[in-house]
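Peer 1: Mind folding the following:
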Amino acid sequence: MKQNWDEPLFEVKSTRELLLLRPTRFAIYIFACLFPIVMQVSMAYVLSNVLGLLQHSGAADWRRTIIWAAVFALGAPLLQLTSRYLRIGYMRDTLLDLRRLVFQRILSLSYQTFSRRSRDSYVSKLTNDINLFEKDFFLSLLNVIFAVGAATVSLILILLEDLVFGIIIAILAAALMLIARLFRQPLVNTREAIMQENELFSLKIGNFFSGLEIIRLNRVEEHFKEDTDAQSLQLEEAKYRGRFLQQLQELVLSKTSTLMTLVTVAYVGIMMAQGKMSLAIAALLLQLQGNIAWPLISLFDMRNRLIASNKIFQTLIESPGDETVLAEREAASANVEAAGAKILLNKQQAVIVEAERRSTLNLLSQDIILTDLTYKFADAQEPVLRQADLHLQGGGKYLLKGVSGSGKTTLLNLLSGAFRDYEGEITYGGISFRDIDEESFNEGTALILQDVYLFETTIRENICLFKKYSDIEVERAVQIAGLSGLTKQLQQGLDTELTENGHNLSGGERQRISIARAIIKGSRLLLADEITSAIDPNLGREIEQGILNLPMTVVAISHRYYDGVSDRYDGVIELKQGKLALYPSDYYFSGKRHWPEAGREVTNV
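Peer 2: Below is the predicted model of the structure:
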């Protein structure tokens, strides 16, 4: 389903915008974060009143203080529970928004852009990075709100009780803030370094376990162990630097806070000795000063974490090739606007979109023409394809041949739209590929790879890919794909549950499911990449026979020759030195073929 990029969530570019997606609930969240301040200040007044009673009191004073203490004892837990309840729901929904945002940004990447990074790095984003953001961001936000609120309220109360002392505390608090500011950037840098090292470590470990069998067979465990140990050391060193800076900041700030406490004790001691301050007020000032110093120490650390969390957020929502994604969206919007269809805001929109979809599907049933096609990888010296020409008949069945590394898979990626930064022209039914709606094109195209991915669900769902099809449509796909024998053998038939990636099926059965997928979605174009190379030759023969009977255009890479099957293809495409030549299959397999001369790269069937 095409992503609706107009949804506010997918326009979010900062943590502030993420939080304000639900402004009312965010205001409630801030309000709930302030509840502990009420409890803290209440505690200070209750304790100061108790101490004041020791200096001079009557029975009425004791009764009043006991009542307030009881109210506080009962009200504090209730306030705490209420605060937690109001905060948790908002945190849950905001984190859900973040996961949706990150996941959709990854899904929006083109295949080419997506492939610039390891798949493990995307997994790390959706697990490690989001978990790190969750741990740091909301805890830090809560403490920042609490610290600012507690320090502000306490300073105001101190100023109301004693203006001179309030000014002294304000100066010391400013000094505390200045010291903390010096640590801010180094701490942010260390957190970013830890995040980067975590991603690299996850990538190394993922690659190690993915190739564990090959590593053991070739007895190179020691090399990978040393590599993993080195990466682990770098990660731990980054954590060590972070802990050292953190502890150094805490030490400096705690000593400054102790100085504030000593100044407070000296001030209230002098004032009490001069008879200018009661024991209750002295106790209150001591507690309120503590409500400034210690929350401020927490504030600086948590603010630094909050800034680091924002960096993590930017990493989460930014993807390799963001400029490419933006250009693709703008190009798609321009094409849509030029077509004058999808900007409609009435009932005609659905009719026009459906007409475009059908039109695109019809194009895929027609001739495919490549003209002066050139493609070069960014880090390659020579192009894979250079001004190649090819003309394929709609509905034809074609084998794609060439030596290993000649660019056969690259050609399939160009035909499927996975690679779009090519020079020259690719047309379907006379329409430039660049002008064809991507969503409709994908709907009418099937790509079958050597390694078929199957989900841990039923065979039926693996064929239908969680879309609704009638039993008649499913049975037709099963029959054409040659799966009828398998489903009859299984007790649960199509409703048989598959294990992880379909490991309870053979390679041939897995390939047949992928063919059934192409049939049931009504594909007009099938692109197959070495789908029979890793399975039994007899099974390979049956699968290629099934492909030849499919009602669609087929371009298949295959190194195998099946007598009586391979020569039934309409033609054989040979890729050599960046050029394409097309031969009749019987002529190609006769052994009489010769590479066309310059200027005659294409021989039409």
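Peer 1: outside of the helix or strand encompassing S48, which residues touch it?
Peer 2: For S48, the enclosing helix or strand under DSSP states H and E is helix 35-55. Residues outside helix 35-55 that contact it (C-beta atoms under 8 Å, 6 or more residues apart in numbering): 61-62, 65, 68-69, 72, 75-76, 79-80, 82-83, 146, 149-150, 153-154, 157, 278-281, 283-284, 287-288, 291. (Each C-beta comes from the backbone N, C-alpha and C, glycine too.)
Peer 1: Which positions within it qualify as buried?
Peer 2: Buried positions in helix 35-55, judged by neighbour count with 16 or more other C-beta atoms under 10 Å: 35-42, 44-53.
Peer 1: could you dump it to PDB, C-alpha only?
Peer 2: C-alpha atoms of helix 35-55 as PDB (Å, rounded to 0.1, in the frame of the first residue of the first chain):
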ATOM      1  CA  PHE A  35       3.300  16.200  40.900                       C
ATOM      2  CA  PRO A  36       6.500  15.100  42.700                       C
ATOM      3  CA  ILE A  37       7.300  18.800  43.200                       C
ATOM      4  CA  VAL A  38       4.100  19.200  45.200                       C
ATOM      5  CA  MET A  39       5.000  16.200  47.300                       C
ATOM      6  CA  GLN A  40       8.600  17.500  47.800                       C
ATOM      7  CA  VAL A  41       7.500  21.000  48.900                       C
ATOM      8  CA  SER A  42       4.800  19.600  51.100                       C
ATOM      9  CA  MET A  43       7.300  17.400  52.800                       C
ATOM     10  CA  ALA A  44       9.600  20.400  53.400                       C
ATOM     11  CA  TYR A  45       6.800  22.400  55.100                       C
ATOM     12  CA  VAL A  46       5.600  19.400  57.200                       C
ATOM     13  CA  LEU A  47       9.100  18.700  58.500                       C
ATOM     14  CA  SER A  48       9.800  22.400  59.200                       C
ATOM     15  CA  ASN A  49       6.500  22.700  61.200                       C
ATOM     16  CA  VAL A  50       7.400  19.600  63.200                       C
ATOM     17  CA  LEU A  51      10.800  21.100  64.100                       C
ATOM     18  CA  GLY A  52       9.100  24.500  64.800                       C
ATOM     19  CA  LEU A  53       6.900  22.700  67.400                       C
ATOM     20  CA  LEU A  54      10.000  21.800  69.300                       C
ATOM     21  CA  GLN A  55      10.800  25.500  69.800                       C
END
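Peer 1: for G424, helix, strand, or coil?
Peer 2: Of the three states, G424 takes strand according to DSSP: H, G, I helix; E, B strand; the rest coil.
Peer 1: which regions of the stretch 151-300 of the chain sit below the pLDDT cut-off?
Peer 2: Low-confidence segments of the stretch 151-300 of the chain (pLDDT under 70): 207, 210-220, 300.
Peer 1: Tell me which stretches of it form helices.
Peer 2: With DSSP state H, counting those that start in this stretch, the ranges of helices along the stretch 151-300 of the chain come out as 163-210, 212-217, 221-273, 279-317.
Peer 1: now the ones you listed as TSV including mean neighbour count?
Peer 2: Below are those laid out as TSV (neighbours: other C-beta atoms under 10 Å):
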stretch	mean neighbour count
helix 163-210	16
helix 212-217	11
helix 221-273	15
helix 279-317	21
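Peer 1: Distance to F377 added to those, as JSON lines?
Peer 2: JSON lines is the format used below for the helices of the stretch 151-300 of the chain (distance: least, C-beta to C-beta, whole Å):
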{"stretch": "helix 163-210", "distance to F377": "21"}
{"stretch": "helix 212-217", "distance to F377": "25"}
{"stretch": "helix 221-273", "distance to F377": "26"}
{"stretch": "helix 279-317", "distance to F377": "26"}
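Peer 1: just so I know, which of those lies nearest S404?
Peer 2: Closest of the helices of the stretch 151-300 of the chain to S404 is helix 212-217, at 18.4 Å (criterion: C-beta to C-beta).
Peer 1: of all the helices of the stretch 151-300 of the chain, which lies closest to E542?
Peer 2: Nearest to E542 among these is helix 212-217 (28.5 Å), distances taken as C-beta to C-beta.
Peer 1: ok, T264 - contacts?
Peer 2: Contacts of T264 by C-beta under 8 Å, 6+ apart are F165, I169, L285, L286, Q289.
Peer 1: now, among the residues you listed, which is nearest to F224?
Peer 2: Using C-beta to C-beta, Q289 comes nearest to F224 of the contacts of T264, at 57.0 Å.
Peer 1: List the residue ranges of the stretch 351-500 of the chain that fall below the pLDDT cut-off.
Peer 2: Looking at the stretch 351-500 of the chain by pLDDT under 70, you get 351-361.
Peer 1: Strands of that one, start to end?
Peer 2: 368-375, 385-392, 397-401, 423-428, 431-432, 445-449 (DSSP state E, counting those that start in this stretch).
Peer 1: can you redo those as JSON lines with distance to I270 and mean neighbour count?
Peer 2: Converted to JSON lines, the strands of the stretch 351-500 of the chain look like this (distance: least, C-beta to C-beta, whole Å; neighbours: other C-beta atoms under 10 Å):
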{"stretch": "strand 368-375", "distance to I270": "84", "mean neighbour count": "18"}
{"stretch": "strand 385-392", "distance to I270": "88", "mean neighbour count": "20"}
{"stretch": "strand 397-401", "distance to I270": "93", "mean neighbour count": "22"}
{"stretch": "strand 423-428", "distance to I270": "85", "mean neighbour count": "18"}
{"stretch": "strand 431-432", "distance to I270": "87", "mean neighbour count": "12"}
{"stretch": "strand 445-449", "distance to I270": "82", "mean neighbour count": "21"}
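Peer 1: Now render the contacts of T264 as a markdown table, adding distance to F208.
Peer 2: A markdown table is the format used below for the contacts of T264 (distance: C-beta to C-beta, whole Å):
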| residue | distance to F208 |
| --- | --- |
| F165 | 62 |
| I169 | 56 |
| L285 | 60 |
| L286 | 57 |
| Q289 | 55 |
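Peer 1: now the angle from the helix holding S48 to helix 279-317?
Peer 2: On the basis of axes from the mean of the first three to the mean of the last three C-alpha atoms, to 10 degrees, helix 35-55 is oriented at 170 degrees to helix 279-317.
Peer 1: Quick one: mean pLDDT over helix 35-55.
Peer 2: Across helix 35-55, the average pLDDT comes to 78.
Peer 1: do stretch 538-550 as well
Peer 2: Computed over stretch 538-550, the average pLDDT equals 82.
Peer 1: mind checking how far that stretch is from the chain centre?
Peer 2: In this view, stretch 538-550 has its centroid 38 Å away from the chain centroid, taken as C-alpha atoms, centre = their mean, to the nearest Å.
Peer 1: Tell me which residues touch the nearest residue to T371 once chain neighbours are set aside, please.
Peer 2: In space, and not counting its chain neighbours, T371 is closest to E425: 4.4 Å by C-beta to C-beta, 6 or more residues apart in numbering. By C-beta under 8 Å, 6+ apart, E425 lies in contact with I369, L370, T371, D372, L373, S432, F433.
Peer 1: ok, now D563?
Peer 2: So D563 contacts nothing (C-beta under 8 Å, 6+ apart).
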